[in-house]
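**Q** Here's a sequence, model it:
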Amino acid sequence: MITLPDTSFKASDLQLAQVLNSTTKVNMLKVLKKFDLYASPNLKKDETARRIAMEVLDNPIEILSRLNKTELQIVDELVKGNDHTYVVRKQRKTCSSSRSISL
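**A** As a prediction, this is how the structure comes out:
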């Protein structure tokens, strides 16, 4: 969740690096791995967020090509929406392996 200090902010006022900086560094490193990018794990959190944002904004087609169907649907909803669009997805239910074998 992102907490804004002032209620006069709009979503368009946020920069991608600010949004990325709201997550943990471990999650940012997972994003880098998914997009087949590299940034040293020794960098500070804000520098890692800035580098991810720079790579995503410099190569949007390459980044979009690495997303799966569900992630592309989320991006599509955000693009079609406005500043107040909020996208929520239910977590997939997974069956335990012993349960699927007995069926």
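**Q** Check which helices and strands the one helix or strand L78 maps to sits against.
**A** In the assignment (DSSP states H and E), L78 maps to helix 69-80. Identification of packing neighbours for helix 69-80 by 3 or more Cβ pairs under 8 Å, 6 or more residues apart in numbering; DSSP states H and E yields no helix or strand. From N, CA and C alone the C-beta is placed, and that goes for glycine too.
**Q** Now with 10 Å, please.
**A** Packing partners of helix 69-80 (3 or more Cβ pairs under 10 Å, 6 or more residues apart in numbering; DSSP states H and E): helix 60-65.
**Q** what's the average pLDDT for the helix it packs on?
**A** In this model, helix 60-65 has a mean pLDDT of 90.
**Q** mind listing what's buried in that helix?
**A** For helix 60-65, burial by neighbour count (16 or more other Cβ atoms under 10 Å) applies to I63.
**Q** Check the offset of it from the chain's centre.
**A** Put simply, helix 60-65 sits 13 Å off its chain's centre (Cα atoms, centre = their mean, to the nearest Å).
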